[in-house]
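Chemist: missing the sequence, but the structure's below:
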């Protein structure tokens, strides 16, 4: 080797030094430090929550959020930023719902309800009928048409408080909300009232999606959620007198599909540009709060991952994309669209990470992947220990990235502390003040760290 | 063995079955289930916080809290409940503090301050003086008497945001608050203003203890905390103009010591009654909020440990005491008194556990103990995994149980998630609404589980 070549090599070594000479421990330390001392996630979320607000698919808020997401990603100096068109359903709540329990004619108690997403309205004057409490579909079947017909069905199975992971408790209850109308319709029910998916006793109704399956339009029955406090009250009153009636009025409507977009930004890989790694959350939210935890947090954390890479000069080998998915809440059109397009273009998605469990202190990840890939993850555990990240388990990832699954890739979901999540989920108190800056930033850093490791070491 | 004896043995086996046949896994499951579905901790804290409120040593609130603690423990059917007398300091805040920055005569900006616990008052008309910003005692020393004399010293070193454990960040700053007046006095300062120990930027001043060491009464200078937002403002204004003045007035006073009490309840051990295991927190709080996190949470969690033992029929081998310590915040008289009395009586305290880090999701414990005992703890880790309890490290325990330390025993401290703790610590927003029921209950169950294991397997 001549002297010039040696000098050149030393030079090349030195210019690459700022990043490549650092150990994984040092890179993770830098990532956490940047996120906690100089992060953008909290400011972004402040804007998204307080200046744009709720952003249900097809709403003006969603449209504004798309424009904002694109503009902010463009400021980051990524290699590409674009919008991916997708048609989304548009459901509108209309005027605020109204409901009361009538213990005898003229003697009423107002209760807090909200229409479930996708529900039809009541007749213009509302519905008043006897109401019957059940806890599951078996009870419903046992009561049968004879007892159900002409009545409102009240699903009142609470979330199970002794399950440590609250998402498990949610999973054990949510069929009441999603399928409650379909099942009750079979027996001639005129409407459905569902206990809110909330572990706490409070006055806030929690919305969420429901389906009518193939029930023809004229046979669809209106469905609403009732606050946990009012569910307890209603149950008590029914225990005292089976003849109490329930009245409610809601004004919601399903309109035609409208044009919307996934927002996508990319840092193109410098070694394997055709291997794609996705990080994302969903840009749409329900309409009651401002969607700070669900899923504003996941959006700004995902954006922060790419910002941290740029800021720290981490040049990924693989192409890293942030995807702000549209319409997770009531259709998953964005997630499906992204995966379809990726398939059409033959894009090889080797890894995808979603944050859609709130902006709380991160505890770890769950992984949908092969044993070989999971074993690699387990070898990284010690790197995360200084950040109190301890949860590495096989399991689900996220709804939006789910359609990208194939045998050879890795899907992952951030797992924050879940204790408070259902206090806010789909309710009017899911607002920016329920976010702790450090918890949000720790989540972003944890995601960026995993992304860095998967980029560096690849997928098995 | 004759038939009667065999029958007797079978009988004895059967009566002991409900508890002793259960595995550790089953017992822990019962403990968590009881705490989460049928716990008392949240209701207790609601009463303590909302009906009694703040309870600074020597205050009426503290007196009420002692009576309440004794009464509630008496309801649990423990073997003994008693009050342990202890004299405590009594410091009173007086009328609310008032402060402003004066950029030029007549042009003032009001800022949020509160007297530090133990501080003297300002003169009746307040103090107005030039103010000089420092970040540590080295800067103070470098400035010296020439630059400091006659001025107010403004300590403005923020908590370090990139430390993952916020108590470490607190430890790196709190000498400004505790020793700030002593150090500034050496150079002729007339008063001290300290940036609140808070990682967040907000408008709330955070109090906390300070000392004058041996400074004679007439030379003691008043000391106050300023909110983080106002610390930033003051710093900016000083950068623009070193001549800005600071005015404040506070009315606090140190009175004579008064009689108070530790509240103690005991389940006497049925095998080793002379081996004592303590669980506790501190019953006193600062006066600005209602002390829900500091340390109402620790109080009700400790009470819940004994309630869970009674409720589940766990009959401990060793004597288990709950101690509601008085005066942790500004004197530690209760903790010292308990340890002194234990020593006088020759009581062998083999284990003590404190909860004094807030009522947030528990992550684990830190242990002050021998390697042999710590290794035993590590063997229990898998029992805690279903509850996402993962943090088992050597370290400090708690201020109140600290005086019980000897070579042969184990002291431990509950370690909840610490990210939000300093948002509330010693400030007016440390109130019941900042408590999540499940997080509180998980902490109590985690403490009860460790207590159960140490009782069953003993200390090495």
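Modeler: All right, it came through fine. Computed from a predicted structure; not experimentally measured. Numbering: from 1, shown residues only, chains lettered A, B, ... in the order given.
Chemist: gap between the residue nearest the centre of chain A and chain B?
Modeler: Against the mean C-alpha coordinate of chain A, by CA atoms, centre = their mean, the closest residue is residue A:356 at 3.8 Å. According to CB to the nearest CB, to the nearest Å, residue A:356 stands 19 Å off from chain B. Any C-beta I mention is one placed from the backbone N, CA and C, and that applies to glycine too.
Chemist: can you count the residues close to residue A:100?
Modeler: Number of residues near residue A:100 (other CB atoms under 10 Å in any protein chain shown) recorded here: 18.
Chemist: residues from the stretch 251-400 of chain A in reach of chain B?
Modeler: A:361, A:363, A:386, A:387, A:388, A:390, A:391 (CB under 8 Å from any CB of the partner chain).
Chemist: compare those and tell me which has the most neighbours.
Modeler: Neighbour counts for those (other CB under 10 Å) peak at residue A:361, which has 25 neighbours.
Chemist: pretty sure that residue sits against residue A:417.
Modeler: Yes. Using CB atoms under 8 Å, residue A:361 is in contact with residue A:417, at 4.7 Å.
Chemist: find the residues that touch each one of the two.
Modeler: Counting by CB atoms under 8 Å, 6 or more residues apart in numbering or on different chains, the contacts common to residue A:361 and residue A:417 are B:361, B:417.
Chemist: follow-up on the earlier one: any chance of the residues of the stretch 251-400 of chain A next to chain B in CSV, with pLDDT, distance to residue B:75 and secondary structure too?
Modeler: As requested, those are exported to CSV (pLDDT from 0 to 100; distance: CB to CB, whole Å; DSSP: H, G, I helix; E, B strand; the rest coil):
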residue, pLDDT, distance to residue B:75, secondary structure
A:361, 98, 35, coil
A:363, 98, 37, strand
A:386, 98, 44, helix
A:387, 98, 43, helix
A:388, 98, 38, coil
A:390, 98, 38, coil
A:391, 98, 39, strand
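Chemist: show me what contacts the residue in the stretch 1-150 of chain A that chain B sits nearest to?
Modeler: Closest contact between the stretch 1-150 of chain A and chain B, by CB to the nearest CB, is at residue A:33 (4.2 Å). Each residue near residue A:33 by CB under 8 Å, 6+ apart is listed here: residue B:162.
Chemist: show the average pLDDT along the helix or strand where it lies.
Modeler: Applying DSSP states H and E as the criterion places residue A:33 in helix A:24-38. The average of the pLDDT scores along helix A:24-38 is 98.
Chemist: mind listing what's buried along that helix?
Modeler: Neighbour counts using 16 or more other CB atoms under 10 Å in any protein chain shown place A:27, A:28, A:29, A:30, A:31, A:32, A:33, A:34, A:35, A:36 of helix A:24-38 among the buried residues.
Chemist: list the contacts for residue A:112?
Modeler: A:99, A:203, A:204, A:205, A:226, A:227, A:229, A:230.
Chemist: among the residues you listed, which are in helices?
Modeler: Judged by DSSP state H, these include A:229, A:230 as members of helices.
Chemist: ok, the contacts of residue A:112 vs residue A:77, which is closest?
Modeler: Using CB to CB, residue A:204 comes nearest to residue A:77 of the contacts of residue A:112, at 41.4 Å.
Chemist: model confidence for the closest one, exactly?
Modeler: On the pLDDT scale, residue A:204 is placed at 98.
Chemist: contacting residues for it?
Modeler: Here residue A:204 is in contact with A:112, A:196, A:198, A:227, A:427, A:428, A:429 (criterion: CB under 8 Å, 6+ apart).
Chemist: helix or strand for residue A:428, which one?
Modeler: Using DSSP H and E, no helix or strand contains residue A:428.
Chemist: thought it was touching residue A:286?
Modeler: No. Assessed by CB under 8 Å, residue A:428 is found out of contact with residue A:286, at 9.4 Å.
Chemist: those two: who's more crowded?
Modeler: Using other CB under 10 Å, the more surrounded residue of residue A:428 and residue A:286 is residue A:286, with 25 against 18.
Chemist: from chain B, how far off is that one?
Modeler: 22 Å.
Chemist: number of residues surrounding the nearest residue to that residue once chain neighbours are set aside?
Modeler: Of all residues not flanking residue A:286 in the chain, residue A:426 sits nearest, at 4.9 Å (CB to CB, 6 or more residues apart in numbering or on different chains). Counted with other CB under 10 Å, the neighbours of residue A:426 add up to 29.
Chemist: residues of the stretch 101-250 of chain A that sit close to chain B?
Modeler: Proximity of the stretch 101-250 of chain A to chain B, by CB under 8 Å from any CB, involves residues A:161, A:162, A:164, A:165, A:166, A:199, A:200.
Chemist: okay, now the first one: neighbour count?
Modeler: Translated: residue A:161. Neighbour count for residue A:161, taken as other CB under 10 Å: 18.
Chemist: my guess is it contacts residue A:173, does it?
Modeler: No. Counting by CB under 8 Å, residue A:161 stays clear of residue A:173, with 11.5 Å between them.
Chemist: could you look up the SS state of residue A:367?
Modeler: At residue A:367 the chain is in strand, as set by DSSP: H, G, I helix; E, B strand; the rest coil.
Chemist: from the middle of its chain, how far away would the longest helix along chain A be?
Modeler: Scanning chain A for the helix with the most residues, using DSSP H, yields helix A:437-457. Put simply, helix A:437-457 sits 18 Å off its chain's centre (CA atoms, centre = their mean, to the nearest Å).
Chemist: kindly report the same for stretch A:255-267.
Modeler: 16 Å.
Chemist: likewise stretch A:392-405?
Modeler: Worked out by CA atoms, centre = their mean, stretch A:392-405 lies 12 Å from the chain centre.
Chemist: and the helices in chain A?
Modeler: Listed in chain order, the helices of chain A (DSSP H) span A:3-20, A:24-38, A:41-47, A:60-75, A:137-148, A:166-171, A:175-185, A:228-240, A:297-311, A:333-344, A:371-379, A:381-384, A:421-424, A:437-457.
Chemist: who are the packing partners of the fourth one?
Modeler: Under the contact criterion of 3 or more CB pairs under 8 Å, 6 or more residues apart in numbering or on different chains; DSSP states H and E, the helices and strands touching helix A:60-75 comprise strand A:80-92, strand A:253-267, helix A:297-311, strand A:318-325.
Chemist: mean confidence score for that helix?
Modeler: Helix A:60-75 carries an average pLDDT of 98.
Chemist: between it and strand A:318-325, how big is the angle?
Modeler: 160 degrees (axes from the mean of the first three to the mean of the last three CA atoms, to 10 degrees).
Chemist: may I see the buried residues of helix A:60-75?
Modeler: In helix A:60-75, counting by 16+ other CB under 10 Å, buried: A:61, A:62, A:63, A:65, A:66, A:68, A:69, A:70, A:72, A:73.
Chemist: could you dump these to TSV with distance to residue A:277?
Modeler: Output for the buried residues of helix A:60-75, formatted as TSV (distance: CB to CB, whole Å):
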residue	distance to residue A:277
A:61	29
A:62	26
A:63	28
A:65	24
A:66	23
A:68	24
A:69	19
A:70	20
A:72	20
A:73	16
